[in-house]
Every structure is written in C-alpha cells, then in structure tokens.
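**Student:** Predicted model and sequence below, questions to follow.
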Protein chains: 2
Amino acid sequence: MTGGVYVGDAAVPTTRSDEKALVLCSGGMDSAVCLALAARAGPVETINFNYKQKHQRERGAAAFLSGYYNARLHRVDLPDVFQGAGSTLVDVDKETPSVTYEEIRDTPGISPTYVPYRNGNLLSVAAALALTIKANYVYFGAHAEDARNWAYPDCSPEFIGAMANAIYIGTYHQVRLITPLMWLTKGEVVQLGTVLGVPFGATHSCYRDAYPACGTCPTCVERKKAFEVNGMVDPVPYVS
Amino acid sequence: MTGGVYVGDAAVPTTRSDEKALVLCSGGMDSAVCLALAARAGPVETINFNYKQKHQRERGAAAFLSGYYNARLHRVDLPDVFQGAGSTLVDVDKETPSVTYEEIRDTPGISPTYVPYRNGNLLSVAAALALTIKANYVYFGAHAEDARNWAYPDCSPEFIGAMANAIYIGTYHQVRLITPLMWLTKGEVVQLGTVLGVPFGATHSCYRDAYPACGTCPTCVERKKAFEVNGMVDPVPYVS
C-alpha cells in the first residue's frame, strides 16, 4: 500500500488471536472496509441497526457482508426516537435533497441528513452487546471527513474520543472502541478496501434506496467521486 | 437547607423559563429527586425505560411521578442486548443477592447487579429524544457514591463527564447533560428530596419487585439506611 494511506497496522490490532470484535455494519462502503480490517485480525461478529432509515436496502447489504466475512449478524431495532426532528433520512415528509456534502458543509446549521444522536445510540447498543457476547472490541467505520464543518458532529474525533472513554470506563475496561478509518479520506477508504479485496459491488450507499443508485443524493455523489479519485469505476450501477 | 448539602443552586439551572428538560425517571428515589429539581426550574418531560428489568414495579412509580410533576412521559423499550451477561437485574436464571452495596464494593470484579452498559444506552436514547422534542437539557440522577470501588462504573464522574462531552458535541451543542446529584450521598439525596417535598412513598426501589419491599436486596438495605441517617422512617413499607 502506497501513497501515504494509513493502513492501521500501528494502532489497529492486526492479530487478536481468539479475541472477538463486534463490528458495526450498516451495509455501506465504510463499514465494509472496517469489517474487512477487523476480520483480517481475528473472529468477528456484526451488528446492524434498523432506525427506520428510508434506505433499508443497505440492511440487505449488511447481511451479505456479514456472511462474506463469516460474521454472526445481530439485527437490532432501535427505539422510535429519531423521527420528527427533521432528518431527511427518517422523516417521511422530508425529501432526500440533491446536494453534495460540500454544499451541506457550506450551509450553517444542522445537516438535513443528520439523524438525532444516531451514532451515540449505535455505539451504546454495540457496547452492551459486546459485553453480552464477550467481545473486547467494537469497530466503527466513522471518519473525520464526515464531520468537517459540523456536517456530522457524531463522526468527529472529539465525539468518538468521548465515546471511547465512556465505553471503556462504563464497561469496567472490558470494551474498547476502535475507529481505524478515522483519519482517512473517502478516496483513501476506497484505496484501502481495494487492497483488502472488499466486495464493493455488494455494498449499498444510496439514501434514496435506489438500485441502480440515484447518483444525485449526497452519499451517491461522494461515493462516485471516491472511486474517481483512484482512477476506478464504482462497481455499483447508477441511474445518472 | 443545612449540613453542607449541595443544593445545586450554583450549577443546576434554577430557572430555564420556557427551556424544556428531559428527565430520566426510573421510578426510584434518585430520579424522583432529580425530577423535582428539574421541575422547580421549568417545563419537564420524562423518559422511562424497559430493559426487561425484573423490578417492573418501578415503572408504575415512574408513571405516578411524571403525573405528579406534570411531565409528559415517554416510555421506551430498549433492544434486547442486556440479557446473558450475568446481571441479576435482568437474567432470569440469576437470583437477586441478599448483600449490601458495601459487600458488592468490597468484592473485586463486576457487580452482580451491573447491567451491561445500561446507563450509556439510557443517556443516548434520551439525547436523541431531547433533540426530537426540543429539550435542551437531559437530567440524570446518578451519583458518584454508586460508582465507588467500581460498583457501577457507569455512574462514575469520569463516565458521566465523557457522556456529557459526547452528547454536547454529537448534538451540535444543543443538549447538555445535567447530573445535579453527582456529589451527594444517598443520605443527602433523602435530605434534599425532603426539602423539595418529593413523594418518596410513591417511589419504588426494591430489586425483588416486592411490595412491601423485601428489605434485604442491596438497594433496599441502602435506601432504609439513607432515611435512618436523617432520623427519618422510609414511608415505603418493608417485609423486614
């Protein structure tokens, strides 16, 4: 691996022998690469969440990826506390916007695609389940680029650091939060995933839940670009 | 109020005008006092959790207390991730121990009554709901005494501090975590609640879900003592 991409060998456990990791698996690109990294080092189980996101198709991708990496999949329905705050990802009366993340970042205020404290909830359930299944690590594919200019504050290094502390302390030091993609750009995530042989064609990202993918929602735009900067073509088909 | 008891007037918002607070209300003594403090300062809503705790009776107490303080009650069923780790509060094959918290604190290892990362989950759901109902504060009645010698690490100031950061950052600085009982002993919680007129007789604490309360589970023993140190008698009846 070249080009200054952080491959995680310094900090991410590369061998865990029989220590188990619980990997958050949405079915998107980031969590697929995170799962590949975790699976390379030892046994893995996965956790996938239903928070009534409109793009339910990603959950099927999570099931495929879990099977691909021999991970037992835990499906969890979160409580109904995310709807009504105006998020286009969950509120049925809000339409998915055709904007780029650059435009979201450049617009002050809460991102239209932000789901109320979603990542805090995902990580807290994962920490509890980790204790129950005796996993010492929770892997989460967040990266700081997503938090730039307050696009998603619950992807920021500050948020992740606070959660890592809360989880480590609150679990009697039994569970550590590992975020190996934290300092990678989306383009570097594609590069790393390619080296690891991640089946990107089986992942799903489109917020409009379309297949072929819409190509115009924020995550489609960003995803296509991440392959382009690597001189690659996304194996997932697009309408436009 | 005398005797060095921290009454919270310095740090706890004493008037919030129309700013809403969401109060975690288990139905026990601590959350009742916390609710009374929050209600004194402005409008309140409450959140009560079902994590399949055996002492479901406390949930009825939470409903009463919410009505008493004119708070809209949000009932939330948490995902099934807490069973199987050996907690006597949720595992049906584990019996509630007749020990004191002193004995729990003096025994190394995980407390038998610890529920896997429970408080992290409660606070994360509360933070999400706070955004949805436009509450700027989440009140939580944890106190450090419960964390002494690792009895409940998810009541420690370190855990709460980390969660306060995570919530404040992860909600775009919209939600603050307030823990006004943090530095009070259980005896001081009774003293403060008495000043505030908390209807302690309507709260429920017994882990055995008994009424009259068993008097021998860790929380019954601690509760009785908290009244005794104030020269009071707990209005809740006990078997022994």
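**Tutor:** Alright, I've got the coordinates.
**Student:** Next SSE downstream of the lowest-mean-pLDDT helix or strand in chain A?
**Tutor:** In chain A, the helix or strand scored least confidently by mean pLDDT, DSSP states H and E is helix A:101-106, which has a mean of 90. Once the chain leaves helix A:101-106, the next helix or strand it forms, by DSSP states H and E, is helix A:118-132.
**Student:** quick check, distance from that next one to the centre of its chain.
**Tutor:** Distance of helix A:118-132 from the chain centroid (Cα atoms, centre = their mean, to the nearest Å) equals 14 Å.
**Student:** Does that helix reach chain B?
**Tutor:** Yes. Helix A:118-132 is in contact with chain B by Cβ under 8 Å from any Cβ of the partner chain, via A:R118, A:N119, A:G120, A:N121, A:L123, A:S124, A:V125, A:A127, A:A128, A:L129, A:L131, A:T132. Heads up, the C-betas are built off the backbone N, CA and C, glycines and all.
**Student:** wait, what's in contact with the closest residue to A:D209 other than its chain neighbours?
**Tutor:** When the adjacent residues along the chain are set aside, A:D209 lies closest to A:H55, with 4.2 Å between them (Cβ to Cβ, 6 or more residues apart in numbering or on different chains). Counting by Cβ atoms under 8 Å, 6 or more residues apart in numbering or on different chains, A:H55 touches A:L89, A:H204, A:C206, A:Y207, A:R208, A:D209.
**Student:** residue ranges for the helices of chain A, please.
**Tutor:** When secondary structure is read from DSSP state H, chain A shows helices at A:29-41, A:57-68, A:101-106, A:118-132, A:157-170, A:186-196, A:218-228.
**Student:** Deepest in the core, which of those is it.
**Tutor:** Neighbour counts (mean count of other Cβ atoms under 10 Å in any protein chain shown) averaged over each of the helices of chain A peak at helix A:118-132, with a mean of 26.
**Student:** What helices and strands are in contact with it?
**Tutor:** Using 3 or more Cβ pairs under 8 Å, 6 or more residues apart in numbering or on different chains; DSSP states H and E as the contact criterion, the neighbours of helix A:118-132 among helices and strands are strand A:21-24, strand A:44-50, strand A:72-77, strand A:137-139, helix A:157-170, helix B:118-133, helix B:157-170.
**Student:** Among those, which comes closest to B:R176?
**Tutor:** Of all those, the one in closest proximity to B:R176, counting by Cβ to Cβ, is helix B:157-170 (6.0 Å).
**Student:** Spit out the contact partners of A:V189.
**Tutor:** For A:V189, the contact set (Cβ under 8 Å, 6+ apart) comprises A:M29, A:D30, A:V33, A:H143, A:L181, A:A226.
**Student:** Relative to chain B, how far out is it?
**Tutor:** As judged by Cβ to the nearest Cβ, to the nearest Å, A:V189 and chain B stand 22 Å apart.
**Student:** Per-residue pLDDT of that residue, please?
**Tutor:** Note on A:V189: pLDDT of 95.
**Student:** Show me the shaky parts of chain A.
**Tutor:** Along chain A, the model assigns pLDDT under 70 to residues A:1-14.
**Student:** again, only this time at 90
**Tutor:** Along chain A, the model assigns pLDDT under 90 to residues A:1-18, A:99, A:101-102, A:106, A:108, A:148-150, A:240.
**Student:** returning to what we had before: mind putting the helices and strands packed on helix A:118-132 in TSV, distance to A:T15 included?
**Tutor:** Compiled in TSV, the helices and strands packed on helix A:118-132 are given as follows (distance: least, Cβ to Cβ, whole Å):
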stretch	distance to A:T15
strand A:21-24	12
strand A:44-50	13
strand A:72-77	20
strand A:137-139	12
helix A:157-170	21
helix B:118-133	28
helix B:157-170	29
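**Student:** quick one: which of these is nearest B:R148?
**Tutor:** Across the helices and strands packed on helix A:118-132, B:R148 has its closest neighbour in helix B:157-170 (11.0 Å, Cβ to Cβ).
**Student:** Establish whether that closest one and chain A are in contact.
**Tutor:** Yes. Figure legend: helix B:157-170 in contact with chain A (Cβ under 8 Å from any Cβ); contacting residues B:E158, B:F159, B:A162, B:M163, B:N165, B:A166, B:I167, B:I169, B:G170.
**Student:** now the closest residue in space to A:A21 that isn't next to it in sequence: how far from A:V44?
**Tutor:** Distances taken as Cβ to Cβ, 6+ apart put A:Y137 closest to A:A21, at 4.1 Å, once the chain neighbours are dropped. To A:V44, A:Y137 is 9 Å away according to Cβ to Cβ, to the nearest Å.
**Student:** Show me the common contact partners of those two, please.
**Tutor:** Common neighbours of A:Y137 and A:V44 (Cβ under 8 Å, 6+ apart) are A:K20, A:A21, A:L22, A:A38.
**Student:** Adding distance to B:T107, write those residues out as TSV.
**Tutor:** Output for the shared contacts of A:Y137 and A:V44, formatted as TSV (distance: Cβ to Cβ, whole Å):
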residue	distance to B:T107
A:K20	26
A:A21	30
A:L22	28
A:A38	34
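**Student:** Of the residues you listed, keep whichever come out buried.
**Tutor:** If you count burial by 16 or more other Cβ atoms under 10 Å in any protein chain shown, the buried members of those come out as A:K20, A:A21, A:L22, A:A38.
**Student:** So of the contacts of A:V189, which two are at opposite extremes in space?
**Tutor:** Greatest spacing in these, by Cβ to Cβ: A:L181 and A:A226 (12.1 Å).
**Student:** Of all the helices and strands packed on helix A:118-132, which one comes closest to B:T219?
**Tutor:** Within the helices and strands packed on helix A:118-132, the stretch nearest B:T219 is helix B:118-133; the backing value is 14.5 Å (Cβ to Cβ).
**Student:** From chain B, how far out is the residue sitting furthest away from the middle of chain A?
**Tutor:** In chain A, A:Y172 marks the outermost C-alpha relative to the chain mean, sitting 25.9 Å out by Cα atoms, centre = their mean. The spacing between A:Y172 and chain B, counted by Cβ to the nearest Cβ, is 6 Å.
**Student:** likewise A:T46?
**Tutor:** Applying Cβ to the nearest Cβ, the value for A:T46 to chain B is 14 Å.
**Student:** Show me what that residue is bridged to.
**Tutor:** A:V23, A:L73 (DSSP bridges).
**Student:** That one: how many residues sit nearby?
**Tutor:** A count of neighbours around A:T46, defined by other Cβ atoms under 10 Å in any protein chain shown, yields 28.
**Student:** Then A:V229?
**Tutor:** 13.
**Student:** for the closest residue to it other than its chain neighbours, what are its contacts?
**Tutor:** The spatially closest residue to A:V229, leaving aside those adjacent along the chain, is A:G187, at 4.1 Å (Cβ to Cβ, 6+ apart). For A:G187, the contacting residues are A:K225, A:A226, A:V229, A:N230, taking Cβ under 8 Å, 6+ apart as the criterion.
**Student:** May I have the phi/psi pair for the spatially closest residue to A:N136 that is not a sequence neighbour?
**Tutor:** Spatial nearest neighbour of A:N136, chain neighbours left out: A:E19 (5.0 Å); criterion: Cβ to Cβ, 6+ apart. Phi and psi for A:E19, reported as degrees, to the nearest 10, are phi -70, psi 130.
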